[in-house]
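Engineer: just need the structure, nothing else, for what follows:
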Amino acid sequence: MILQLDANHPSPHRINRVVTWLNEGAVIATPTDTTYALACLPDNKAAVKQLRALRRLDDQKRFSLIFRDLKHVSEYALVEDQAFRLIRRHLPGPYTFILEANRNLPRFIGDKRKRIGVRVPALGMLQALIEAVGKPLIVTSAIDPETGFMLNDPWSVDASFGHGIAVVLDAGDVPGDFSSIVDLTTDPVEVLRVGLGDTTIFA
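Structural biologist: Here you go, the predicted structure:
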C-alpha cells in the first residue's frame with residue numbers, strides 16, 4: 001500500500017493513520033532526506049524483529065534513530081556541549097551522528113558500548129510523524145536483500161517489502177544516497193562514512 005503525503009505539510013488525518021499502524025507494531029517505509037528507509041517504533045521488540053527479518057540482518061546490526069529535533073535527541077542520548085554545537089550546525093540534514101545513549105533508550109537498541117546513531121531529517125512530513133507518535137523511529141535503509149540495490153522510489157519499495165510492511169509513505173523524490181556518519185564519542189571525532197553532507201569540517 002502506498003500513501004501519498006505532502007513532504008512539508010502532510011494531512012493530519014493521514015499522519016494519524018500512520019501513527020495507529022506504528023502503535024500496533026507495524027513496520028512502515030518512509031522517505032528521508034537521503035533515501036527510503038524501513039522504520040518502526042524502537043520499544044516494540046516484535047516490530048524490530050520484523051525489521052531485521054525484512055532486511056535479513058543479524059542481531060549484531062545496529063540501527064539509527066530519527067528524531068523530531070535536537071531537544072528530542074537529548075531525551076535519549078547524552079549530548080555534551082561540544083557535540084551539541086556540532087550537531088546544531090548540521091541538523092536537520094543528511095547526517096548520522098554517533099552518541100552515547102541514556103537510560104530512556106531500550107537496552108536492545110544500542111551497540112555494546114551503548115551508542116546510537118541519531119538523525120534529524122530535514123523533511124517536514126517525518127518531523128510531523130515523529131511529533132504525532134511521540135517517539136523516535138528506528139530506521140534502516142530500504143535495500144533489496146535479493147539484489148543489494150538501494151530503493152529510492154515508493155513503487156520499488158512496495159514491490160520488495162510490501163508483503164511485510166503496513167504502508168509505503170510517498171512524499172516525493174529522495175536523493176538516493178547514504179547519510180554521512182560522524183562518531184562524536186571519540187576524541188577527535190571520526191568520520192565513519194562519507195555520504196550526503198559535507199564532512200570536511202570533521203577532518
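
Engineer: which neighbours does the helix or strand of the chain with the lowest mean pLDDT have in its sheet, and in what orientation?
Structural biologist: The helix or strand of the chain with the poorest confidence is strand 77-78; it has a mean of 83 (mean pLDDT, DSSP states H and E). Sheet pairing for strand 77-78, assigned by DSSP bridges, gives strand 95-101 (antiparallel).

Engineer: now do the strand it pairs with, average pLDDT.
Structural biologist: Mean pLDDT, strand 95-101: 90.

Engineer: can you tell me what sits against it?
Structural biologist: If you take C-beta atoms under 8 Å, 6 or more residues apart in numbering as the criterion, strand 95-101 is touched by 64, 73, 76-79, 83, 86-87, 90-91, 109-110, 113-119, 179-185, 192, 197. Bear in mind the C-beta positions are built from the backbone N, C-alpha and C, glycine included.

Engineer: which residue, neighbours along the chain excluded, lies closest to Lys135?
Structural biologist: Leu41 (5.7 Å; C-beta to C-beta, 6 or more residues apart in numbering).

Engineer: could I get the buried residue list for the helix or strand containing Leu51?
Structural biologist: Using DSSP states H and E, Leu51 sits within helix 45-55. Across helix 45-55, burial judged by 16 or more other C-beta atoms under 10 Å covers Ala47, Val48, Gln50, Leu51, Arg52, Leu54, Arg55.

Engineer: save those residues as a markdown table, and put in pLDDT and distance to Tyr36 too.
Structural biologist: Putting those into a markdown table (pLDDT from 0 to 100; distance: C-beta to C-beta, whole Å) gives the following:
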| residue | pLDDT | distance to Tyr36 |
| --- | --- | --- |
| Ala47 | 93 | 18 |
| Val48 | 91 | 18 |
| Gln50 | 93 | 17 |
| Leu51 | 93 | 14 |
| Arg52 | 91 | 17 |
| Leu54 | 93 | 13 |
| Arg55 | 92 | 12 |
